[in-house]
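**Q** Here's a sequence, model it:
(one chain, ligands or ions: 1)
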Amino acid sequence: MSHAASLLERITNRSAKVGVVGLGYVGLPLAVEFANAGFRVTGIDLDERKVAQLNRGESYIQDVRTSAVAPLVSSGKLSATANPGAVRDFDTINICVPTPLRKTKDPDLSFVVAAVEAIAGHLHPGMLVILESTTYPGTTEEVVQPILEKTGLKAGVDFFLAFSPERVDPGNEKWTTKNVPKVVGGLTPDCAHLAAALYRSSIDTVVEVSSPKVAEMVKLLENTFRAVNIGMVNELAMMCDKLGISVWEVVEAAATKPFGFMPFYPGPGLGGHCIPIDPFYLSWKVKEIGIEARFIELAGQVNGAMPQHVVDKITDALNTGGKAVNGANIFVLGVAYKRDIDDVRESPALDVMSLLLNKGGRVTYHDPFAPTIDGKHWPGGVDMSSVPLTPEALAAADCVVILTDHRQFDFAEILKHSRVIVDTRNAIKTRHSHVFKIGAPVPIQ
Ligand SMILES: NC(=O)c1ccc[n+]([C@@H]2O[C@H](COP(=O)([O-])OP(=O)(O)OC[C@H]3O[C@@H](n4cnc5c(N)ncnc54)[C@H](O)[C@@H]3O)[C@@H](O)[C@H]2O)c1
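**A** Numbers count the residues shown, from 1 in each chain. From the prediction side, this is the model:
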C-alpha cells in the first residue's frame with residue numbers, strides 16, 4: 001500500500017496519531033476538535049506551564065472550557081508534552097506557532113523555523129505536515145519544504161505537506177474552530193487530499209484550493225480586508241469629528257442597505273495577533289517584486305494614529321473642565337483588544353495608556369479579563385493591576401475612558417457616576433453633556 005493510501009486509511013479509521021505544535025489560542029481548540037473526532041492527540045508546546053495544565057485536564061484558553069478538555073485528557077485522547085521527540089510517533093502534525101513582526105515590521109518566522117526544524121529531526125516516511133500559522137504566500141514551499149527535505153525525504157512523495165489558515169475568532173460563541181469552514185492547499189493532489197481528509201474528520205466544512213500559496217493568500221486577503229475597512233471607517237470617524245456628524249449614526253444608517261455594504265466600526269485602533277500584523281507579511285513579501293502595498297500601508301498609518309486621536313479627545317474632554325492631562329486621574333475601562341476576551345496583545349488600550357502616562361496622566365484601569373499588565377509587555381513599562389469598578393472609583397476620576405466595551409460593564413452605572421467620559425466604542429448610545437465620543441460632535445455643554 002502507498003504511503004498516501006495507508007495514511008488515508010488511518011485517518012478514516014481514526015487510528016492515525018495526531019500532533020499539534022503550539023498549544024495557544026489556535027492550537028488548543030484544534031487539538032480538542034481532533035480529539036473529539038476520536039483521534040489520539042498529542043500537543044507539543046515549549047511552555048511547560050501550558051503542558052502541565054493541559055495534562056491536569058485544565059484549559060487556559062478562554063474559548064475552550066475545562067469541561068471539554070478534562071474528559072479527553074482522562075480518557076487518554078489528549079495529552080501534552082514539551083518534548084519534540086514525540087513527533088516520531090505522529091502520523092500528522094499541525095503547526096500553530098506565533099508569527100509576529102519584528103520592530104521593523106518585517107515577518108519574524110523564527111518560531112515557524114524552530115518548530116519545523118524540530119519536526120525535521122523526527123520526520124518519517126508517510127507523515128503529513130500542515131502549517132496553520134498565518135504567513136506570507138510562499139512560506140510553505142520556500143521555507144518549510146526545504147527544511148523538511150534536508151532529511152532526504154521528498155515532499156509529495158515520502159511525506160505530505162499543506163497549508164491551512166486558522167480563522168479562529170476569540171470570544172465568538174457562534175463561529176468556532178468546528179463550524180468555520182477550513183481552507184486547505186496541498187503541495188500535490190495527495191497532500192491536499194490527505195489534509196482535507198484530516199480536517200473533514202473534525203471540521204464541518206473543508207474548502208480545497210489549488211496550492212499552499214493560494215491558501216496563504218486567502219488568509220491575508222481576509223485580514224487585509226478587515227484592516228483596510230477598519231482604517232477607512234477610522235478615517236471617516238476623524239472626518240466626522242471635524243464635521244460635527246456622528247460616524248456611529250452614519251454607519252448604522254448605511255448598514256440598512258441590504259446589498260453592497262458591510263458595516264465596520266471605528267475604535268481606538270487595531271489589536272490582537274492578526275489584524276495589526278498579518279497584512280504586513282504581505283506588504284513585506286510583495287516589496288521583493290517591486291510592488292508597494294499602498295492600501296495596507298495607508299490602513300496601518302490611519303489605524304496606528306487612532307490611539308493618539310483618542311488621547312486628543314481625552315485632552316479636549318479634560319480641557320472643557322479646565323483640566324490638563326498632566327496630573328489628571330484617568331480611569332480606563334477595558335484593556336483587552338476587543339470585547340469579552342482576555343487578550344491584550346497589541347491592544348491599542350496599552351498605547352493610549354502609555355501616551356497618557358507620558359503626558360503625566362495618573363492612569364488606572366479596570367478590566368475583568370485582564371487582572372494584571374506586566375510592565376515587560378507594554379510600552380508603558382510599569383506593572384499595573386486592575387482596580388475595582390466602583391461608583392467611588394468612577395466619581396474620583398477626572399476622566400473615564402471606555403476603550404473596550406465588555407458586555408459585563410453596566411454602562412448606565414458608569415454614566416451615572418462619572419464626571420467626564422470619553423467613549424471610543426459607542427458604548428453609551430444616548431447623547432450627554434459629559435460624554436465625548438470619537439467620531440461624533442462635541443457634546444452640548
Ligand atoms: N489568536 C488568533 O486569534 C489567531 C487567529 C487566526 C490565526 N492565528 C495565527 O495562528 C498562529 C498562532 O497564534 P496563537 O494566537 O495561537 O499564538 P499563541 O501565542 O496563543 O500560541 C502559540 C504557542 O506556540 C508555542 N510555541 C512557540 N514556539 C514553539 C515551538 N518551537 N515548539 C512548540 N511550541 C511553540 C508557544 O509557547 C505558544 O503556546 C499565528 O500565526 C497567528 O497569526 C491566530
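**Q** any weak-confidence spans in this structure?
**A** Within the chain, the set of residues satisfying pLDDT under 70 comprises 444-445.
**Q** for it, what's the longest helix?
**A** When secondary structure is assigned using DSSP state H, the longest helix within the chain turns out to be helix 212-243.
**Q** In stretch 397-417, which residues are buried?
**A** Along stretch 397-417, these residues count as buried under the neighbour rule (16 or more other C-beta atoms under 10 Å): 397-406, 409, 411, 414-415, 417. From N, CA and C alone the C-beta is placed, and that goes for glycine too.
**Q** report the angle between the axes of the helix or strand following the longest helix of the chain and helix 212-243?
**A** Counting by DSSP states H and E, the element after helix 212-243 in chain order, helix or strand, is helix 247-254. Taking axes from the mean of the first three to the mean of the last three C-alpha atoms, to 10 degrees, helix 247-254 and helix 212-243 form an angle of 120 degrees between their directions.
**Q** Report all helices and strands that helix 247-254 contacts.
**A** With contacts defined as 3 or more C-beta pairs under 8 Å, 6 or more residues apart in numbering; DSSP states H and E, the packing partners of helix 247-254 are helix 212-243.
**Q** Show me what the helix it packs on is packed against.
**A** Applying 3+ C-beta pairs under 8 Å, 6+ apart, one finds that helix 212-243 contacts strand 160-163, strand 182-186, helix 247-254, helix 278-287, helix 294-304.
**Q** From the chain's centroid, how far away is the shortest one?
**A** A distance of 23 Å separates the centroid of the chain from that of strand 160-163, by C-alpha atoms, centre = their mean, to the nearest Å.
**Q** Which positions in the helix or strand where L318 lies come out as buried?
**A** Secondary-structure element containing L318, defined by DSSP H and E: helix 306-320. Applying a neighbour-count criterion of 16+ other C-beta under 10 Å, one finds M306, P307, H309, V310, V311, K313, I314, T315, A317, L318 buried in helix 306-320.
**Q** can you give me the angle that helix makes with helix 294-304?
**A** Computed by the same axes, to 10 degrees, the angle between helix 306-320 and helix 294-304 is 30 degrees.
**Q** Quick check on the closest residue to the ligand within the stretch 201-350 of the chain: phi, psi?
**A** Proximity of the stretch 201-350 of the chain to the ligand (C-beta to the nearest ligand atom) peaks at H273, 4.5 Å away. The phi/psi pair for H273 (degrees, to the nearest 10) reads phi -90, psi 0.
**Q** what about it, how many neighbours?
**A** Close neighbours of H273, defined as other C-beta atoms under 10 Å, add up to 19.
**Q** thought R339 was touching L403?
**A** No: in this structure, R339 sits apart from L403 without contact. The criterion is C-beta atoms under 8 Å, and the distance is 10.7 Å.
**Q** Show me which residues of the helix or strand hosting S67 are buried.
**A** Assigned by DSSP H and E, S67 belongs to helix 66-74. Within helix 66-74, the residues that qualify as buried are A68, V69, L72, V73, counting by 16+ other C-beta under 10 Å.
**Q** Identify the residue spatially nearest to the second one, adjacent ones excluded.
**A** Spelled out, that is V69. Spatial nearest neighbour of V69, chain neighbours left out: S59 (4.7 Å); criterion: C-beta to C-beta, 6 or more residues apart in numbering.
**Q** dump the residue contacts of that neighbour.
**A** Applying C-beta atoms under 8 Å, 6 or more residues apart in numbering to S59 gives the contacts L28, Q53, R65, T66, A68, V69.
**Q** With distance to N234 as new columns, can these be given to me in a markdown table?
**A** Output for those, formatted as a markdown table (distance: C-beta to C-beta, whole Å):
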| residue | distance to N234 |
| --- | --- |
| L28 | 32 |
| Q53 | 38 |
| R65 | 35 |
| T66 | 38 |
| A68 | 37 |
| V69 | 38 |
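**Q** Tell me, how many residues neighbour L187?
**A** Other residues near L187 number 23, with proximity taken as other C-beta under 10 Å.
**Q** what's it sitting at in phi/psi?
**A** Backbone torsions of L187, given as degrees, to the nearest 10, read phi -70, psi -40.
**Q** do the same with T92
**A** Dihedral angles phi and psi of T92 (degrees, to the nearest 10) take the values phi -130, psi 150.
**Q** cool, I147 as well?
**A** Backbone torsions of I147, given as degrees, to the nearest 10, read phi -60, psi -40.
**Q** Is it correct that it is in contact with A114?
**A** No: I147 lies out of contact with A114 (C-beta under 8 Å); the separation is 10.2 Å.
**Q** Please name the residues that touch whichever residue of the chain sits closest to the ligand.
**A** Per C-beta to the nearest ligand atom, the residue of the chain with the smallest distance to the ligand is G24, at 1.8 Å. G24 makes contacts with D45, K50, I61, C96, P98, as judged by C-beta under 8 Å, 6+ apart.
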